[in-house]
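[1] Take this sequence and fold it.
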Amino acid sequence: MSRAPLDKHPTREILRHWREAVPEDRLAHLVKDASRSFVRALQLRLVEHEVSPGHWQFLRILWEHDGLTQRELSEQAGVMEPTTFSALKGMEQAGYVERRQMPENRKNVYVFLTAKGRALKDKLVPLAEDVNRVAVAGIAPADIALVRRVLLELIENLAREEPEPGGRGPPGGARAAPRAGKARRARP
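    All right, here's what the predicted structure looks like:
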């Protein structure tokens, strides 16, 4: 039996998975799939401007903090330095960035937007805003605010589990206690 063409859409397949196959699967998987859906929706818009999602992530950072070192850019993007190096090579070839050393510090390579890279902001940011508008269509503002608060709490909880600089984490791997004074709601 052949599937209908609609079943071939990755985002619809993710939705079917969550509603029918494993509606109670781990929250981490749901967040990852939601993120993949956002990325896919943005990627479909970026393709007409010949910008990859990987380049998008670095452009976003550079629009806010131009002139970072490759290492700083890697850290802010949350990717390994070889990944950053490869992306920057492509971005340089596309004319979006230039890499250069500074006379006072020849060790580090700094990344700067070109005029072409800066100009992309006015074209691409509205595409990302459109993805967000589409994603929240029909959802009550209070529910959107709740999702934001919960996601930020999840990030905060997980951040408390991360090792401190120098490799020291919570004692004995114990879980960090919730913040004092913060009421915990029952999780669905």
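[2] quick one: residue 118 is in a helix?
    Yes - with DSSP: H, G, I helix; E, B strand; the rest coil as the criterion, residue 118 is part of a helix.
[3] how many neighbours does it have?
    Using other Cβ atoms under 10 Å, residue 118 is surrounded by 15 other residues. The C-beta positions use only the backbone N, C-alpha and C, and glycine is treated the same way.
[4] Surely it touches residue 63?
    Yes - taking Cβ atoms under 8 Å as the contact criterion, residue 118 and residue 63 are neighbours in contact, 7.3 Å apart.
[5] got the phi/psi numbers for residue 164?
    Here the main-chain torsion angles of residue 164 (degrees, to the nearest 10) amount to phi -70, psi 160.
[6] hmm, I was thinking of residue 140
    phi -60, psi 140.
[7] Would you mind measuring from it to residue 147?
    With the distance defined as Cβ to Cβ, to the nearest Å, residue 140 ends up 11 Å from residue 147.
[8] Tell me which of those two has more neighbours.
    residue 147 (13 against 9).
[9] quick one: the more buried one from residue 103, how far?
    Between residue 147 and residue 103 the distance, using Cβ to Cβ, works out to 48 Å.
[10] Equivalent analysis for residue 90, please.
    For residue 90, the distance to residue 103 under the criterion Cβ to Cβ works out to 27 Å.
[11] Those two: who's more crowded?
    A count of neighbours by other Cβ under 10 Å puts residue 90 above the other of residue 90 and residue 103, at 14 against 5.
[12] so that one makes contact with residue 55?
    Yes - in this structure residue 90 lies within contact range of residue 55 using Cβ under 8 Å: 6.8 Å.
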